[in-house]
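**Q** Turn this into a model:
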Amino acid sequence: MFSHYQEVLHFLFNSLPVYQKIGGKAMKLDLSNITNLCATLGNPQQDIRCIHIAGTNGKGSVSHMLAAAFIASGYRTGLYTSPHYLDFRERIRIDGAMIDEEKVVDFVNDHYDDFLKLKPSFFEMTVALAFSTFAAEKVDIAIVETGLGGRLDSTNIVDPIMSIITNVGLDHQAYLGNTISEIAQEKAGIIKAGRPCILGQSNEDVAQIVKQRCEVMGSSYYLADEVLTVRLQDRIEKGLLCSTSTTDGQSPTDSFVLPLHGLYQVENAQTALATLKVFNGLSDSARQGLATLTDEHIIAGLEEVDSLTGMQGRFEILRKTPLVIVDGGHNEDGMAALMHSLKAFRYTKLHLVAGFSKGKEIEKIIRLFPAQAIHYLCAADIFRAVPPKEIASFFTEEQEVELYDSVLKACEAALTNADPTDLILITGSIFVVAEALQFMKPEKMG
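**A** The predicted structure is shown next:
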C-alpha cells in the first residue's frame, strides 16, 4: 500500500484530523475511539508498565527527565511525548532513539482498514502506534505524556504505576474549562485507583481538587516539595548547578548539573526527583516488578537528559554570538517562567521573534514581554496561526514592531539586525520554534 515513509506522513497529516492544523475539530472528546482502536491491536496498553504525566506546563520536560533516569538505570525505556519539532518520530522513542521509519510504515499498512473504519484522529493514531510499539518492543517502563488534558485524553486508557500532574494553569480553556478549578478537575482525571499521584506545583484550590480525587480513587497523594527540594546553586555555562535536600532537614546531596538553561527546569527536576523517590518507596508489587533506582543512576540520567532523550526546544541555546534562544512557551504561566529565565542573561538589545496559535490569550502573554525590544511578529505554517497584523494590534505605538509572513523571514531579519552582544529570543508557539529549529539547527550555527 504505502511503500515509503514520506507517503505515510502525507497520509497521516492530510487524511486524519490533526489538531495543529484544524484545532478542536480534530479532537474526540471521549475515549471510545481510542479504546476501540487499541482493542483491534490486542490492547497493547495493558501490556506496558508506565508512568502517566499531565499538566499545563512542564510535563514534557518532566517526561524527558524521568525517561533519562530510567535509561541511565539500564531499563529499556519508552517515551511518548507530543507534539514534535522536526520529525514525527520524536513522539515515540525507545532508549532515546526515535522509532524506525519502517515501523511507522508497517503499522499504517497493517491497520489501514481499521483506520478507514474507525476514523481515528491523528493523535489517537499516534497514541495507538506508541502503545503498540512499546508492547512489541517489550519496554520495561514507558513514560507517557498526555496531550491537552487528562480525563478525556487518548493516553488515559493506561493503568499506570504512578500519575503526575506537574501544575495547573489557564490554557486550552475552550476544551478544558474556563477556571483553574475546572482545568484541575480535567487533569486529575488521570488518577487511577490505588495508584499514587504526585502534584508538582499547586495553589490551594488545585491541591484540594487533586487530594479529593486521590481520596475517591484510594490513591496516595504527594506534593513534590513535601517529598524533597531542589535548589539552584548557580547558573554555569553547561546549565544549572543544583542540589537536593529532603524535607526532614537533611543536608543537601551532592550537586548535579542539569544541561538545561531555563530556570523553570529546577522546579521540573524537583517534580521528577520527587516522583522517583516515591517510586523507590513503593512495594515490589506496586512497582510491578521493577527494581528501585539508585541515586547515582538518577543523577547520571538528569545530567545527560538532553543527549539521552533528544530533548529540545525548551530554552535551548542555538548560538552564542549573537545569543539565540528558542523556547516553546505559549501560555501566560509558561511565558512568565521564560521571562524570569531571560533575566539571568546579559545582552545589549533584545530581538524577540514571536508567533501565536489561535485560542491563546495573546494580550496577557505580550504584557510579559520586556518593554525595550524589537518584536518580529510572524506566523507559523499552520492553519491555526494568528496573522502577524492581528498580533500587532496588542502592542502600543511606542513598541517597535515588524511584521513577517513567515518564521524564516522573521529569523533572518533578527539575525541580520542583531549585533554580537544582542540576544535573539524565538517563542510564542511550539510550531514557531519548530520552524526556527529547521532554519537554525545547532550543527549549522557558528
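**Q** Can you show me the strands along the stretch 251-400 of the chain?
**A** 256-258, 316-320, 323-326, 350-354, 374-377, 400-403 (DSSP state E, counting those that start in this stretch).
**Q** swap in the stretch 51-200 of the chain?
**A** Under DSSP E, counting those that start in this stretch, the stretch 51-200 of the chain gives strands at 77-80, 92-94, 97-98, 141-145, 162-165, 197-199.
**Q** before we move on, back to that, tell me the most buried of the strands of the stretch 251-400 of the chain?
**A** strand 350-354 (a mean of 25; mean count of other Cβ atoms under 10 Å). C-beta coordinates here come from the backbone N, C-alpha and C atoms, glycine included.
**Q** what's the neighbour count on residue 294?
**A** Look at residue 294: counted by other Cβ atoms under 10 Å, it has 13 neighbours.
**Q** Kindly apply the preceding question to residue 281 instead.
**A** Neighbours of residue 281 (other Cβ under 10 Å): 14.
**Q** Ok, the one 3 residues further on next?
**A** Residues near residue 284, counting by other Cβ under 10 Å, number 10.
**Q** out of the strands of the stretch 251-400 of the chain, nearest to residue 182?
**A** strand 350-354 (28.2 Å; Cβ to Cβ).
**Q** Which strands or helices does that closest one pack on?
**A** strand 374-377, helix 407-417, strand 423-427, helix 430-439 (3 or more Cβ pairs under 8 Å, 6 or more residues apart in numbering; DSSP states H and E).
**Q** Columns mean pLDDT and distance to residue 96 on top of these, output as CSV?
**A** Converted to CSV, these look like this (pLDDT from 0 to 100; distance: least, Cβ to Cβ, whole Å):
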stretch, mean pLDDT, distance to residue 96
strand 374-377, 98, 34
helix 407-417, 97, 27
strand 423-427, 97, 25
helix 430-439, 93, 18
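**Q** which of the ones you listed sits most buried?
**A** strand 423-427 (a mean of 26).
**Q** what distance separates that strand from the centre of its chain?
**A** Counting by Cα atoms, centre = their mean, to the nearest Å, strand 423-427 is centred 19 Å from the centre of its parent chain.
**Q** Identify the residues contacting that strand?
**A** Residues outside strand 423-427 that contact it (Cβ atoms under 8 Å, 6 or more residues apart in numbering): 319, 322-330, 335, 338, 342, 345, 347, 349-354, 407, 411, 414-415, 418, 432-433, 436.
**Q** Partner strands of it and their direction?
**A** Here strand 423-427 has these sheet partners by DSSP bridges: strand 323-326 (parallel), strand 350-354 (parallel).
**Q** Figure out which of those strands is closest to residue 180.
**A** Nearest of the strands paired with strand 423-427 (Cβ to Cβ): strand 350-354, 25.1 Å.
**Q** Grab the CA positions of the closest one and hand them over as CSV.
**A** Only the C-alpha atoms of strand 350-354 are listed here, as CSV (Å, rounded to 0.1, in the frame of the first residue of the first chain):
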residue,chain,number,x,y,z
LEU,A,350,16.6,42.0,22.7
HIS,A,351,15.3,40.8,19.3
LEU,A,352,12.1,38.9,20.0
VAL,A,353,10.7,36.7,17.3
ALA,A,354,7.1,35.7,18.2
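**Q** Let me know the angle separating it from helix 407-417.
**A** Between strand 350-354 and helix 407-417, the angle comes out at 170 degrees (axes from the mean of the first three to the mean of the last three Cα atoms, to 10 degrees).
**Q** List of residues touching strand 350-354?
**A** 322, 342, 369-370, 372-378, 391, 407, 410-411, 414, 417-418, 422-428, 432, 436.
**Q** Any idea how far that strand is from the middle of the chain?
**A** Centre to centre, stretch against its chain (Cα atoms, centre = their mean), the figure for strand 350-354 is 22 Å.
**Q** All further residue positions should be reported with the first residue as 36.
**A** Okay, residue one is now 36; in that scheme the one you just asked about reads as strand 385-389.
**Q** Measure how that strand sits relative to helix 465-474, angle-wise.
**A** Using the same axes, to 10 degrees: strand 385-389 against helix 465-474 is 110 degrees.
**Q** Assumed residue 270 was part of a helix.
**A** No - according to DSSP: H, G, I helix; E, B strand; the rest coil, residue 270 belongs to no helix; its state is strand.
**Q** That one and residue 276 touch, don't they?
**A** Yes - using Cβ atoms under 8 Å, residue 270 is in contact with residue 276, at 7.3 Å.
**Q** re the thing from before, tell me which of the strands of the stretch 86-235 of the chain sits nearest to residue 103.
**A** Across the strands of the stretch 86-235 of the chain, closest to residue 103 is strand 112-115 (Cβ to Cβ), at 8.5 Å.
**Q** what helices or strands is that closest one leaning on?
**A** On a contact count with 3+ Cβ pairs under 8 Å, 6+ apart, strand 112-115 meets helix 94-107, strand 127-129, helix 157-171, strand 176-180.
**Q** let's see it at 10 Å
**A** strand 85-89, helix 94-107, strand 127-129, helix 157-171, strand 176-180, helix 340-344 (3 or more Cβ pairs under 10 Å, 6 or more residues apart in numbering; DSSP states H and E).
**Q** Need the contact partners of the last one.
**A** Under the contact criterion Cβ atoms under 10 Å, 6 or more residues apart in numbering, helix 340-344 has outside partners 96, 98-107, 112, 114, 116, 125, 128, 130-132, 178, 274, 293-295, 300, 304, 307, 335-337, 346-347, 349, 351.
**Q** from the residues you listed, which would you call buried?
**A** Burial by neighbour count, judged by 16 or more other Cβ atoms under 10 Å, picks out 96, 98-107, 112, 114, 116, 125, 128, 130-131, 178, 274, 293-295, 300, 304, 307, 335-337, 346-347, 349, 351 from those.
**Q** Same list (the strands paired with strand 458-462) but as a markdown table, adding mean pLDDT and distance to residue 398.
**A** Shown next, in a markdown table, are the strands paired with strand 458-462 (pLDDT from 0 to 100; distance: least, Cβ to Cβ, whole Å):
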| stretch | mean pLDDT | distance to residue 398 |
| --- | --- | --- |
| strand 358-361 | 97 | 23 |
| strand 385-389 | 98 | 13 |
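**Q** got the ones you listed as a markdown table, with distance to residue 173 columns?
**A** Output for the strands paired with strand 458-462, formatted as a markdown table (distance: least, Cβ to Cβ, whole Å):
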| stretch | distance to residue 173 |
| --- | --- |
| strand 358-361 | 35 |
| strand 385-389 | 43 |
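**Q** and of those strands, who's closest to residue 252?
**A** Taking Cβ to Cβ, strand 358-361 is the member of those nearest to residue 252, at 38.6 Å.
**Q** With just CA atoms, put the closest one into CSV.
**A** Extracted C-alpha coordinates of strand 358-361, given in CSV (Å, rounded to 0.1, in the frame of the first residue of the first chain):
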residue,chain,number,x,y,z
LEU,A,358,23.0,34.6,21.6
VAL,A,359,20.0,32.8,20.1
ILE,A,360,17.5,31.1,22.4
VAL,A,361,14.3,29.2,21.4
